[in-house]
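# next comes the sequence, and after it the predicted model I'd like to discuss.
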Amino acid sequence: MADFVWQAWEGWRALWPHVLGATVVAIMLFASAHAILTKRDTRSTIGWVGLIWFSPLVGAMAYALLGVNRIRSRAVQLLAGRLVVSHRLAPAVAAPGRLDTVIGPEGEGLRPLVGLVGRVTGRPLLDGNRVEPLMGGDEAYPRMLAAIDAATRSIAIASYIFDNDATGREFAAALGRAVDRGVAVRVLVDGIGVRYTRPSILGVLAAERVPAHEFLPAGVPIYLPYANLRNHRKIMVVDGTVGFTGGLNIREGCRLSRQPPHPVRDMHFELRGPVVAQLLEVFVEDWAFATEERLDGMAGWQPDITPAGTILARGIRYGPDDDDLGRIKLVIAGALAAARRSVRVMTPYFLPDDSICRSLDVAALRGVEVDIVLPDENNLTLVQWASTALLWQVLGRGCRVWLSPPPFDHTKLMVVDASWVLFGSGNWDERSMRLNFEFNVEAHDRDLATRLDAHVVGTIARSRRTTLVEVDARSLPVRLRDGIARLFSPYL
């Protein structure tokens, strides 16, 4: 028996290096195959496959930790089987004759953008809408509170941040009054955004008997500004008739008239008409995911698609459950390709990937005026450093970058040819375009677009222009600091 055990041990000692080698090769083959089949960018694929084979086992472990897109995998897993709401909107779909009148004939100007966005989003462009820009909390909050006080059937609110401060408590009180009147109220706050104040607003809402819930509650008792899979949407729908969306969270800092310690300039929009149904669709889906309560079909939660204006508009929902290309990137690239005269962009966070930078450059090289307005003093220092490090990609091809003075401007806006506008919750960074759940609205209307184009031009008038010479003149330590920050840009 002892001889048999000894012989078996000796045989294993001779065999185990071969077993280990075969296992390592199998792991490397599997990791390489995964990279080849899932990575869209050729350079990224070559880099990962090279690391896997030139650093055996270590490279495969690095790929498993850093190379696999767990964000999208997690999002798809979370949202598998989720409720998909689609209201009957056929009577409101923009007719070809209206497209000819408002946008132009087939194949000309911005007309191809209609089909592109429709195919990307799977949502129709709707006629009969009214869109009213609201400048910051001083204009938007009174309108929102008035709508809450006038509600008779239902109120839906989704917000990334809903602070427990004077403004948050004012909203909570108004919602409580609506509950007392018998109005169906639902409030959805992101699981990270709800932690911006302590104690959170949820306790205040509970005291007012307002049904409220967190979207993906955080697993740690602190606020993490760079967490993924956040619901960054800002949506409010009252009675299925009036909607609000844009960049505004619910917090005191957005009311500049009150001179808050950390003021934020922003823009929000009041919408009426059939497009409000698309806001409601997204809220009902998100609420069902977070709470498993289905509002579709319930009394009071049906949209009113009666025409309220003449604007053509469409809601665009997007997030980490998109395909790898991302809906909003395709929309932005399509708008930049369609531009003929001007592109104005306002965003608080500018960290686009190479494809968006190239699209901006191509537009500028075609002779389109491309103006990008960013805050001179960002509220997230790492983002400002990383953003500065990539500005050369657009400054060197003719795009103009302007830095707006304080207070910090949180506006998210894109205007093309003073004819088409894109507004909502999404920033021009990978976090918004790839990692968080967002909602934007596109609108075709010359009057609205002209007003918003004038707003951007007015902001430019009080901003300072930064140039490639200025960016290149940064000291070596600053360039290194900014460059290191840029390495983390996909996650900032």
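Here it is on my side, so go on. The shown structure was predicted, so the numbers you read here are calculated from the model rather than taken from an experiment.

# all contacts plus neighbour counts: C-alpha atoms, from now on.
OK.

# which parts of the stretch 51-200 of the chain are helices?
58-62, 70-79, 96-102, 111-121, 136-150, 166-180 (DSSP state H, counting those that start in this stretch).

# ok, now the stretch 201-350 of the chain?
Taking DSSP H, counting those that start in this stretch to define them, one finds helices in the stretch 201-350 of the chain at 201-207, 276-291, 327-338.

# how about those in TSV, adding mean pLDDT?
Below are those laid out as TSV (pLDDT from 0 to 100):
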stretch	mean pLDDT
helix 201-207	97
helix 276-291	94
helix 327-338	95
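
# wait, which of those is closest to residue 300?
Set against residue 300 and scored by CA to CA, the helices of the stretch 201-350 of the chain come closest in helix 276-291, at 11.7 Å.

# lowest average pLDDT across the helices of the stretch 51-200 of the chain?
Ranked by mean pLDDT, those end with helix 70-79 at the bottom, a mean of 52.

# residue 158 and residue 236 touch, don't they?
Yes. The pair residue 158 and residue 236 passes the contact test of CA atoms under 8 Å, sitting 6.4 Å apart.

# closest to residue 136 out of the helices of the stretch 201-350 of the chain?
Counting by CA to CA, residue 136 lies closest to helix 276-291 out of the helices of the stretch 201-350 of the chain; the figure is 20.1 Å.

# list the contacts of that closest one.
Helix 276-291 is contacted by residues 79, 82-87, 156-158, 188, 213-216, 235-237, 240-243, 293-296, 303-305, 314-315, 317 when judged by CA atoms under 8 Å, 6 or more residues apart in numbering.

# report the buried residues of that helix.
Using 16 or more other CA atoms under 10 Å as the test for burial, helix 276-291 gives 276-290.

# and for stretch 341-358?
The neighbour-count check on stretch 341-358 (16+ other CA under 10 Å) flags 342-353, 356-358 as buried.

# and stretch 96-109, by the same measure?
99, 102, 103, 104, 105.

# swap in stretch 212-219?
Going by neighbour count (16+ other CA under 10 Å), the buried part of stretch 212-219 is 212, 213, 214, 215, 216, 217, 218.

# re earlier: quick check: which of the helices of the stretch 51-200 of the chain is nearest to residue 127?
Between residue 127 and the helices of the stretch 51-200 of the chain, the shortest separation by CA to CA is 8.3 Å, and it involves helix 96-102.

# mind checking how far that closest one is from the chain centre?
Its chain's average C-alpha position is 30 Å from that of helix 96-102, according to CA atoms, centre = their mean, to the nearest Å.

# can you check stretch 282-295 too?
That offset, for stretch 282-295, works out to 19 Å (CA atoms, centre = their mean).

# let's see it as PDB, backbone CA atoms only.
Taking C-alpha atoms only, stretch 282-295 is exported to PDB below (Å, rounded to 0.1, in the frame of the first residue of the first chain):
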ATOM      1  CA  VAL A 282     -40.600  55.800 -18.300                       C
ATOM      2  CA  PHE A 283     -41.700  56.600 -14.800                       C
ATOM      3  CA  VAL A 284     -44.200  53.700 -14.700                       C
ATOM      4  CA  GLU A 285     -41.400  51.300 -15.900                       C
ATOM      5  CA  ASP A 286     -38.900  52.600 -13.300                       C
ATOM      6  CA  TRP A 287     -41.500  52.500 -10.500                       C
ATOM      7  CA  ALA A 288     -42.500  48.900 -11.300                       C
ATOM      8  CA  PHE A 289     -38.800  47.900 -11.300                       C
ATOM      9  CA  ALA A 290     -38.200  49.500  -7.900                       C
ATOM     10  CA  THR A 291     -41.400  48.500  -6.200                       C
ATOM     11  CA  GLU A 292     -43.000  45.700  -8.200                       C
ATOM     12  CA  GLU A 293     -46.200  47.800  -8.200                       C
ATOM     13  CA  ARG A 294     -47.800  48.200 -11.700                       C
ATOM     14  CA  LEU A 295     -49.400  51.500 -12.300                       C
END
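
# give the rounded mean pLDDT of stretch 417-434.
The predicted model gives stretch 417-434 an average pLDDT of 94.

# could you export that stretch as PDB, CA atoms only?
In PDB, the C-alpha atoms belonging to stretch 417-434 read as follows (Å, rounded to 0.1, in the frame of the first residue of the first chain):
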ATOM      1  CA  ASP A 417     -29.100  75.100 -36.500                       C
ATOM      2  CA  ALA A 418     -31.500  77.000 -34.200                       C
ATOM      3  CA  SER A 419     -34.100  74.400 -35.300                       C
ATOM      4  CA  TRP A 420     -33.600  71.300 -33.100                       C
ATOM      5  CA  VAL A 421     -33.000  71.000 -29.400                       C
ATOM      6  CA  LEU A 422     -32.100  68.200 -27.000                       C
ATOM      7  CA  PHE A 423     -32.600  68.700 -23.300                       C
ATOM      8  CA  GLY A 424     -33.000  66.500 -20.200                       C
ATOM      9  CA  SER A 425     -31.000  64.900 -17.500                       C
ATOM     10  CA  GLY A 426     -28.000  63.600 -19.500                       C
ATOM     11  CA  ASN A 427     -24.500  65.000 -19.400                       C
ATOM     12  CA  TRP A 428     -21.800  64.700 -22.000                       C
ATOM     13  CA  ASP A 429     -19.800  62.100 -20.100                       C
ATOM     14  CA  GLU A 430     -19.500  58.300 -20.100                       C
ATOM     15  CA  ARG A 431     -21.400  58.200 -16.700                       C
ATOM     16  CA  SER A 432     -24.500  59.600 -18.300                       C
ATOM     17  CA  MET A 433     -24.100  58.000 -21.700                       C
ATOM     18  CA  ARG A 434     -23.200  54.600 -20.500                       C
END
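
# for that stretch, buried residues please.
Under the neighbour-count criterion of 16+ other CA under 10 Å, stretch 417-434 has 417-434 buried.

# now for residue 440, how many residues are close by?
Residue 440 has 24 neighbours, counted by other CA atoms under 10 Å.

# residues contacting it?
Residue 440 makes contact with 246, 315, 316, 317, 422, 423, 424, 425, 426, according to CA under 8 Å, 6+ apart.

# from residue 382, how far off is it?
25 Å (CA to CA, to the nearest Å).

# which residues of the stretch 251-400 of the chain fall in strands?
Secondary structure of the stretch 251-400 of the chain (DSSP state E, counting those that start in this stretch): strands at 264-265, 267-272, 311-318, 342-346, 350-351, 369-375, 400-404.

# quick one: list the elements packing against the longest one.
On a contact count with 3 or more CA pairs under 8 Å, 6 or more residues apart in numbering; DSSP states H and E, strand 311-318 meets strand 126-135, helix 276-291, helix 327-338, strand 438-444.

# repeat that with 6 Å
strand 126-135, strand 438-444 (3 or more CA pairs under 6 Å, 6 or more residues apart in numbering; DSSP states H and E).

# select, out of those strands, the one closest to residue 337.
strand 438-444 (15.9 Å).

# who touches the next helix-or-strand element following the closest one?
Next along the chain after strand 438-444, taking DSSP states H and E as the criterion, comes helix 446-461. Helix 446-461 has contacts (CA atoms under 6 Å, 6 or more residues apart in numbering) with 418, 419, 420, 421.

# nice, that's everything, thank you.
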